[in-house]
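A.B. asks: just a sequence and a predicted model for now, questions to come.
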Amino acid sequence: MNPLKFLQAILLAEIVSGAVWLPARAAEARHVEANRLSENAAVRIDGDLREPAWQRAEVLRAISFPWSKRAAPATEFRAVGDAERLYFAFKPAATKPDFHVPSAFADWRTPGLLPAPADAFQTRGVVLVPEDLSLADWPERAAKAGLTTVGLHHGASPKAVVDFIESPAGRDFLAKCARLGVQVEYELHAMRELLPRALFATEPALFRMNDQGERTPDANLCVHSPRALEVVASNALRLARRLRPTTGRYFFWGDDGQPWCRCPQCREFSDSDQALLLNNHLMGALRKFDPRAQLAHLAYANTLAPPKRVKPEPGVFLEFAPIHRQYDLPFAQQTGPEARDVPKSLEENLRVFPADTAQALEYWLDVSRFSRWKRPAVKLPWRRDVVEADAQTYARLGLRHLTTFAVWIDADYVKRFGEPDAIQEYGQTLRQQAAVVLENAHVRYTVSSDGRNLKSPSSCSGVLACISAPMPAC
């Protein structure tokens with residue numbers, strides 16, 4: 001996509017709305033019928049103005065900026081329309097026109113210049129534990145909701161996921177997903193099995209050192225131990241062969257919220273840096289096994305802060321999991337001194353990791369979290385308005401991958417609380433989410449989820465209540 005052409009389209013929306021003054025309004029009124037498309041007329045969005053509809057349209061050239069004494073660049077403007085759409089085009093005389101805008105518009109932000117081509121989010125997922133598949137039609141529910149991906153997780157043991165996948169029920173689950181076009185991934189706190197704790201008796205140097213200077217097998221590993229890295233990589237490859245994601249994205253997380261090493265070599269590296277050191281090592285091993293492999297760096301709990309000393313190798317992507325945030329308030333509004341896992345943490349991580357591969361791992365549907373991980377489960381406090389606002393925030397930051405835990409939405413949950421309509425609403429929200437592509441304090445322009453319509457919603461303070469026009473060919 002050519003950003004210049006896209007920005008030209010945005011400026012034309014302002015021209016049409018009246019933010020840029022076009023004189024001779026009476027003359028325009030006389031030509032309304034001439035600029036209206038006939039029933040059989042067709043306009044292709046290809047930048048070519050040789051079609052009869054464009055040739056018949058009046059050409060406006062007297063364009064000025066009411067906020068400036070400076071002359072507007074020489075520009076030809078045409079607009080044609082029908083009962084449903086407004087098409088507009090303009091041709092500046094200069095190759096790189098100098099559009100002068102007032103200081104009131106100097107704070108335009110362009111979070112992603114590139115609107116999503118089909119859906120705002122490439123990944124629209126849920127993460128379950130094997131026990132949730134007591135609700136045997138989960139794949140059908142996911143497909144019906146327009147979700148793309150189901151991730152399997154276990155709070156303590158990757159082996160439990162392996163045992164399920166290799167069982168008849170697991171094979172049936174995979175077959176259903178394949179038939180329905182639903183991708184399958186495995187999101188795992190894996191370190192206790194990638195570095196078996198039994199090795200501590202004979203090789204304690206593989207394990208982390210605590211703050212008291214003692215080696216301990218309680219969690220994670222020493223990332224400056226070549227032998228530890230070798231063992232972890234070897235076992236990660238064995239696990240990858242048994243749990244091979246259909247997307248090529250692997251998730252081998254550290255132990256859940258547990259500290260990393262404090263040995264003399266490691267202590268200068270934060271927990272986030274140590275996790276990324278391990279990710280980078282595993283990435284090299286995985287690429288030899290699966291050339292398309294990508295590996296998640298989990299920003300969560302003690303690794304939420306961005307790495308500062310280590311940079312991600314190609315293929316390592318960010319997974320941001322704000323477990324401590326509030327779910328009765330949109331994420332973007334959680335900025336006070338008492339707020340935890342705030343948007344600033346994500347923004348700081350996006351200075352280290354690419355936004356287009358980053359994934360947010362949310363808890364919008366996580367019954368286990370809202371139940372404080374204790375049975376019996378409570379009813380999900382579903383807030384579609386919060387999810388809609390959060391999805392817009394993530395889109396504005398450039399994320400294309402969203403998923404949420406949906407743990408404990410199982411057969412027992414449906415029996416006790418009835419149909420979980422939140423699954424369908426969640427999928428609809430992510431599919432309909434427009435990608436915000438240009439905004440300031442006055443106006444926000446968005447591109448619709450099909451990537452074709454440019455809109456300035458009436459909720460903005462712009463001069464036009466709503467303008468809807470197909471995007472130019474860029």
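C.D. replies: Yep, that arrived.

A.B. asks: how about the lengthiest helix in the chain: buried residues?
C.D. replies: Using DSSP state H, we find that the single longest helix of the chain is helix 271-289. Neighbour-count burial for helix 271-289 flags 271-283, 285-287 (criterion: 16 or more other CB atoms under 10 Å). Using the backbone N, CA and C atoms, a C-beta is placed for each residue, glycine as well.

A.B. asks: which residues does His189 contact?
C.D. replies: His154, Gly155, Ala156, Pro158, Trp253, Gly254, Asp255, Asp256 (CB atoms under 8 Å, 6 or more residues apart in numbering).

A.B. asks: could you dump those residues into JSON lines with pLDDT and distance to Leu180 added?
C.D. replies: Output for the contacts of His189, formatted as JSON lines (pLDDT from 0 to 100; distance: CB to CB, whole Å):
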{"residue": "His154", "pLDDT": "93", "distance to Leu180": "23"}
{"residue": "Gly155", "pLDDT": "82", "distance to Leu180": "27"}
{"residue": "Ala156", "pLDDT": "79", "distance to Leu180": "29"}
{"residue": "Pro158", "pLDDT": "96", "distance to Leu180": "25"}
{"residue": "Trp253", "pLDDT": "98", "distance to Leu180": "27"}
{"residue": "Gly254", "pLDDT": "97", "distance to Leu180": "32"}
{"residue": "Asp255", "pLDDT": "97", "distance to Leu180": "34"}
{"residue": "Asp256", "pLDDT": "96", "distance to Leu180": "31"}
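
A.B. asks: of these, grab the buried ones for ChimeraX.
C.D. replies: Applying 16+ other CB under 10 Å to the contacts of His189 leaves a buried subset, and the ChimeraX line that selects it is:
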select :154,158,253,254,255
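
A.B. asks: can you list the domains in the protein?
C.D. replies: Domain ranges of the chain: 3-114+438-470, 123-436, per automatic domain parsing.

A.B. asks: ranking those by burial, who's on top?
C.D. replies: domain 123-436 (a mean of 18; mean count of other CB atoms under 10 Å).

A.B. asks: what helices or strands is the longest helix of the chain leaning on?
C.D. replies: Counting contacts by 3 or more CB pairs under 8 Å, 6 or more residues apart in numbering; DSSP states H and E, helix 271-289 packs against helix 226-242, strand 249-253, strand 294-299, strand 316-320.

A.B. asks: quick one, which of the ones you listed is nearest to Cys266?
C.D. replies: Closest of these to Cys266 is helix 226-242, at 10.9 Å (criterion: CB to CB).

A.B. asks: what angle do that closest one and helix 271-289 make?
C.D. replies: 60 degrees (axes from the mean of the first three to the mean of the last three CA atoms, to 10 degrees).

A.B. asks: CA-only coordinates of helix 226-242 in PDB, if you can.
C.D. replies: Output of helix 226-242 as PDB, limited to C-alpha atoms (Å, rounded to 0.1, in the frame of the first residue of the first chain):
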ATOM      1  CA  PRO A 226      25.600 -24.400  28.300                       C
ATOM      2  CA  ARG A 227      24.600 -27.900  29.500                       C
ATOM      3  CA  ALA A 228      21.200 -26.600  30.800                       C
ATOM      4  CA  LEU A 229      20.500 -25.000  27.400                       C
ATOM      5  CA  GLU A 230      21.500 -28.200  25.600                       C
ATOM      6  CA  VAL A 231      19.100 -30.300  27.800                       C
ATOM      7  CA  VAL A 232      16.200 -27.900  27.400                       C
ATOM      8  CA  ALA A 233      16.600 -27.600  23.600                       C
ATOM      9  CA  SER A 234      16.800 -31.300  23.200                       C
ATOM     10  CA  ASN A 235      13.700 -31.900  25.200                       C
ATOM     11  CA  ALA A 236      11.900 -29.000  23.500                       C
ATOM     12  CA  LEU A 237      12.500 -30.600  20.200                       C
ATOM     13  CA  ARG A 238      11.100 -33.900  21.500                       C
ATOM     14  CA  LEU A 239       8.000 -32.100  22.800                       C
ATOM     15  CA  ALA A 240       7.600 -30.200  19.500                       C
ATOM     16  CA  ARG A 241       7.500 -33.400  17.500                       C
ATOM     17  CA  ARG A 242       4.600 -34.700  19.700                       C
END
